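In: no sequence on hand, only this structure:
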């Protein structure tokens, strides 16, 4: 069963690369922020609840498990950026060094419970020296209902010592992504694709370009297009003239 799931994941990744790939490097498909596997060259990294599994996929039809890295419980999402893996969990942001791609090592762990008092589901987007993470709190799923959902901004210029710059309260935020100096956040709770100006990462500005939509979940920014996944459809936007965002189509699920 695990091998079948891996093969399906590779097939999905290949489809994403074919349909949406623009300026990405070879073997790096375009994906949303809410994903539990990532590919870099001939290696695929897969999350379990408390483990990162590294597979050699040189032979795409026969992936081979090469390494297991144990973490605390609650891994949720994985993002590849600048030869580094960023993991979002229910309690922390992990930064993994993959200088040796076959054996990732934990370079840093930012404990949100002690630094900002948040616990919840956690996708991550990284841009230069800054990481943006949404914390979605849902009772009995990923946190406690009395806690507060939020967008957290990290300074990751020193990958061994990430620092929280600021937090921005949100309703039920999900996936996120960016283009140029604008960050897009799917906020299911407010039925809104929220758009921030991130020119100054230490002080994000909420823009009037935010787009109302029902139950946005995740998004892909690919060149001049953005695809937003909701519970009922995929909405396609032209983002070539930011901060203006223009809807150009939709595909039902």
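Out: Thanks, I have it. Just so it is clear, the structure is predicted and the values come from calculations on it, not from any experiment. Residues are numbered from 1 along each chain as shown.
In: pick out the residue closest to the middle of this structure.
Out: residue 33 (2.6 Å; C-alpha atoms, centre = their mean).
In: is it true that it touches residue 124?
Out: Yes - under the criterion of C-beta atoms under 8 Å, residue 33 makes contact with residue 124 at 6.7 Å. Where you see a C-beta, it was placed from the backbone N, CA and C, and this is true even at glycine.
In: find residues that contact each of the two.
Out: Contact with both residue 33 and residue 124 is made by residues 77, 79, according to C-beta atoms under 8 Å, 6 or more residues apart in numbering.
In: can you give me the helices for the chain?
Out: Using DSSP state H, the helices assigned to the chain run over residues 2-20, 112-115.
In: what residues sit buried inside stretch 122-131?
Out: 122-127, 130-131 (16 or more other C-beta atoms under 10 Å).
In: what's the closest of the residues you listed to residue 241?
Out: residue 127 (19.8 Å; C-beta to C-beta).
In: check contacts around the closest one.
Out: By C-beta under 8 Å, 6+ apart, the neighbours of residue 127 are 178, 183, 198.
In: and the gap between the first one and residue 61?
Out: Distance of residue 178 to residue 61, computed by C-beta to C-beta, to the nearest Å: 35 Å.
In: and the second one, by the same measure?
Out: The spacing between residue 183 and residue 61, counted by C-beta to C-beta, is 38 Å.
In: of these two, give the one with the bigger neighbour count.
Out: residue 183 (23 against 8; other C-beta atoms under 10 Å).
In: for that one, list each beta-bridge partner.
Out: residue 178, residue 196 (DSSP bridges).
In: surely it touches residue 125?
Out: Yes - contact criterion C-beta under 8 Å: residue 183 and residue 125 qualify, at 7.4 Å.
In: which one of the helices of the chain has the lowest average pLDDT?
Out: Looking at these, the lowest mean pLDDT belongs to helix 2-20 (a mean of 39).
In: redo the contacts of residue 127 as JSON lines? Include pLDDT and distance to residue 72.
Out: Putting the contacts of residue 127 into JSON lines (pLDDT from 0 to 100; distance: C-beta to C-beta, whole Å) gives the following:
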{"residue": "178", "pLDDT": "96", "distance to residue 72": "28"}
{"residue": "183", "pLDDT": "97", "distance to residue 72": "27"}
{"residue": "198", "pLDDT": "97", "distance to residue 72": "29"}
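In: and which of those is nearest to residue 103?
Out: For the contacts of residue 127, the nearest to residue 103 is residue 178 (30.1 Å; C-beta to C-beta).
In: tell me the contacts of the closest one?
Out: 125, 127, 132, 184, 198, 221.
In: so the last one bridges to which residues?
Out: Looking back up the chat, that one is residue 221. residue 226.
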